[in-house]
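Chemist: give the three-dimensional model of this entry:
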Amino acid sequence: MERNIVRTISRNELRASARRTVPIVINEDTKSFVALVGAGRILSETGLALTDRFEIVEETAAAPDHVQQAMMEMLSRELFYGDVPIRRLLRWYETNDPSVTLNIVAPLVPRYPNYYHWMVETVPKIRYLREFEDVTGKDVTVLIPVDAPPFVAETLRLLEWPQSKIVCATEPEYIVHNLIVPSYPERHASDFKWIRREILETALTESEPDERDNVYVSRANAVERRVLNEGEVMDVLSDYGFERYCLENRSLSENARLFNRADIVVGPHGAGLTDIIFAKNCTLLELFGEKIKDPYELLADTLGVGYEPMYCQADSADIIVDTEQLERRISQLVDDGWKRRRL
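Modeler: Predicted coordinates:
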């Protein structure tokens, strides 16, 4: 390693240089794995991991196709929000080691502090770590953000990950004797089926009702992408059996059960739509304003969930729904669902 140059370790280099690599069987085309790197460090603000030679492990930032942009964003966060001077990465040696040293640890810090990025890009790593533990007999501790939203702790509880193997990151960085790096999840259907099965196994009760629900996901409490004519929207949707939900006011267990019963889900683009992971057989109608993004379309496609976009009038960062168009769309979806159940 040369001075004043930040070096990185790619996925292929990680697999080649790791002390041990455990493949994770997902499907016949899988490239998932867990690598035992050896000594290293974890930066708490982002979860970026470094080898003992201060090389950044790209796999802790993103999948190979998106790693360069992701690392730039994460290093910017460390620079402006973290307590670790980025210039340390440009040195051969460390002059001010952190006081906390951990043994066998994997970073479990989402790239963004957002429910979608937690469930889709971070939680599948727990599946990989479990398989690594089964194969190696090693107990892995996960490092999570100290200020993590409540859904992080609840997810770990529902997945029955022991509290004794969770460390909340109160220090800006940690020295790790045995750094464990799961490969970055790449939207595999089997990962989501695993999340759905494992969480619902804990969350469902014997008294769970059999009837299906129609769900409207509200962003009334958000700062953007709110439906400004939500009252008029609910006047239409209530005729088709829809109930309005602010998911952020509910537990993960409650939302998992709700989406597991969902027949049709309607809502503006936002992290709450991630819970289609728990759906059995539903259709998602996603409402868009000015900005059009496709993560929930891609997620629905991976899950085999029906998906339809609806483009609405933008009002700054919020939206106004054409209720006549909405009624036509919902009427057709309800009719299609009735026909599907008859077959």
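Chemist: excluding covalently adjacent residues, which one is nearest to L179?
Modeler: G40 (3.5 Å; Cβ to Cβ, 6 or more residues apart in numbering). Backbone N, C-alpha and C define where each C-beta goes, glycine included.
Chemist: show me the domain layout of the protein.
Modeler: Following automatic domain parsing, one gets these domains for the chain: 8-185, 213-342.
Chemist: pLDDT below threshold where in this structure?
Modeler: 1-5, 27-30, 82-99, 205-210, 337-343 (pLDDT under 70).
Chemist: go ahead and confirm R329 touches E308.
Modeler: Yes: in this structure R329 lies within contact range of E308 using Cβ atoms under 8 Å: 7.0 Å.
Chemist: helices or strands next to whichever helix in the chain runs longest in the packing?
Modeler: Secondary structure of the chain per DSSP state H: the longest helix is helix 323-342. Applying 3 or more Cβ pairs under 8 Å, 6 or more residues apart in numbering; DSSP states H and E, one finds that helix 323-342 contacts helix 230-237, strand 262-268, strand 283-288, strand 306-311.
Chemist: neighbouring strands - and their directions - for the second one?
Modeler: In this case it means strand 262-268. strand 213-217 (parallel), strand 283-288 (parallel) (DSSP bridges).
Chemist: tell me the angle of that strand relative to helix 323-342?
Modeler: 160 degrees (axes from the mean of the first three to the mean of the last three Cα atoms, to 10 degrees).
Chemist: give me the contacts around strand 262-268.
Modeler: Contact partners of strand 262-268, identified using Cβ atoms under 8 Å, 6 or more residues apart in numbering, comprise 212-219, 225-227, 237, 240, 242, 259, 273, 276, 279, 282-289, 319, 326, 330, 333-334, 337.
Chemist: and if you look at the third one?
Modeler: Surrounding strand 283-288, the residues in contact under the criterion Cβ under 8 Å, 6+ apart are 227, 263-269, 273, 276, 296-297, 300, 305-312, 319, 321, 329-330, 333, 336-337.
Chemist: helix or strand right after it?
Modeler: helix 295-303 (DSSP states H and E).
Chemist: could you give the angle of that next one to strand 283-288?
Modeler: Using the same axes, to 10 degrees: helix 295-303 against strand 283-288 is 160 degrees.
Chemist: which strands and helices sit next to helix 295-303?
Modeler: Using 3+ Cβ pairs under 8 Å, 6+ apart, helix 295-303 is in contact with helix 115-121, helix 189-203, strand 283-288, strand 306-311.
Chemist: how about TSV for those, with distance to V100 and mean neighbour count added?
Modeler: Putting the helices and strands packed on helix 295-303 into TSV (distance: least, Cβ to Cβ, whole Å; neighbours: other Cβ atoms under 10 Å) gives the following:
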stretch	distance to V100	mean neighbour count
helix 115-121	24	21
helix 189-203	30	17
strand 283-288	43	21
strand 306-311	45	17
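Chemist: so which of those is nearest R127?
Modeler: helix 189-203 (5.2 Å; Cβ to Cβ).
Chemist: off-centre distance for the closest one?
Modeler: Averaged C-alpha coordinates place helix 189-203 at 14 Å from its chain's average position (Cα atoms, centre = their mean, to the nearest Å).
Chemist: hmm, back to that, which residues does the longest helix of the chain contact?
Modeler: 229, 232-233, 235-237, 240, 263-264, 266, 283, 285, 308, 310.
Chemist: which two in those are spaced the farthest apart?
Modeler: N229 and D263 (23.8 Å).
Chemist: re earlier: ok, the residue nearest to L179 to P110 distance?
Modeler: 20 Å (Cβ to Cβ, to the nearest Å).
Chemist: now V167
Modeler: V167 is 16 Å from P110, by Cβ to Cβ.
Chemist: which parts of the stretch 1-150 of the chain are strands?
Modeler: 8-9, 20-23, 33-43, 49-51, 56-57, 101-107, 141-145 (DSSP state E, counting those that start in this stretch).
Chemist: I9: which of the helices and strands packed on helix 295-303 is closest?
Modeler: Among these, helix 115-121 sits nearest to I9 (Cβ to Cβ), with 19.3 Å.
Chemist: for the closest one, which outside residues touch it?
Modeler: Against helix 115-121 from outside (Cβ under 8 Å, 6+ apart): 110-111, 149, 151-152, 155, 184-185, 187, 192, 195, 271-272, 274, 277, 295, 299.
Chemist: got the CA coordinates for it in CSV?
Modeler: Once non-C-alpha atoms are left out, helix 115-121 reads as follows in CSV (Å, rounded to 0.1, in the frame of the first residue of the first chain):
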residue,chain,number,x,y,z
TYR,A,115,-36.7,1.1,6.3
TYR,A,116,-36.3,0.1,2.6
HIS,A,117,-32.6,0.0,2.8
TRP,A,118,-32.7,-1.9,6.1
MET,A,119,-35.1,-4.6,4.9
VAL,A,120,-33.9,-5.0,1.3
GLU,A,121,-30.2,-4.4,1.5
